[in-house]
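> Compute the structure for the input listed below.
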Amino acid sequence: MVMHATLFFGSTENLSLYLLDLVIVFMMSLIVECLSHTRFISSQSNNWIAGVIQVGLYGIRISLAYLVMLAVMMSNATFVVAVAGYTLGFLIFGSRVFDKSDNESYQKPSDLPPLNC
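This is a model prediction of the structure:
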């Protein structure tokens with residue numbers, strides 16, 4: 001078994017499956033950022049139902065984040081793809097680039113607590 005100390009892009013025996021894996025990791029990291037920065041629960045909804053939805057979204061987000069982590073650990077070239085997915089996700093969902101609000105201090109809260117690094 002060979003352990004690579006640098007970014008290793010894997011063998012090209014099955015290039016189509018390898019590229020599919022990279023696309024899946026990219027999409028999972030993008031979805032994690034979407035769940036981290038988007039409000040899905042209305043402020044007028046029932047607290048019990050809102051809590052159940054919040055717990056479900058949290059479970060999905062954490063599951064996807066751990067799957068991305070496992071993918072990065074199994075093939076370290078996916079690190080670049082995961083970082084790209086998280087970065088694009090933050091650009092779209094978390095940054096002020098696409099924010100249409102006029103208030104400079106307004107920051108839309110998420111339904112979920114932030115991911116801790």
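> In the chain, mark out all the strands, start to finish.
Secondary structure of the chain (DSSP state E): no strands present.
> Where does pLDDT dip in it?
The chain contains residues with pLDDT under 70 at 1-13, 100-117.
> Might you report the residue contacts of the residue positioned nearest the centre of it?
Central residue of the chain (C-alpha atoms, centre = their mean): V32, 2.4 Å from the mean position. By C-beta atoms under 8 Å, 6 or more residues apart in numbering, the contact list for V32 reads R61, L64, A65, V68, Y86, G89, L115. All C-beta atoms are positioned from the backbone trio N, CA, C, and that covers glycine.
> ok, the third one to S29 distance?
Spelled out, that is A65. Applying C-beta to C-beta, to the nearest Å, the value for A65 to S29 is 8 Å.
> Between the two, point out the one with more neighbours.
S29 (28 against 20; other C-beta atoms under 10 Å).
> surely the more buried one meets L67?
No - counting by C-beta atoms under 8 Å, S29 sits too far from L67 to count as a contact (9.6 Å).
> distance between the helix ranked longest in the chain and the chain's centre?
When the chain is parsed with DSSP state H, its longest helix is helix 47-74. Taking C-alpha atoms, centre = their mean, to the nearest Å, one finds helix 47-74 lying 10 Å from the centre of the chain it belongs to.
> Now do it: which elements does it pack against?
Of the remaining helices and strands, those touching helix 47-74 by 3 or more C-beta pairs under 8 Å, 6 or more residues apart in numbering; DSSP states H and E are helix 15-37, helix 78-89.
> between those helices, which gets nearest to N46?
helix 15-37 (21.1 Å; C-beta to C-beta).
> Report the angle between that closest one and helix 47-74.
Relative orientation of helix 15-37 and helix 47-74, computed by axes from the mean of the first three to the mean of the last three C-alpha atoms, to 10 degrees: 140 degrees.
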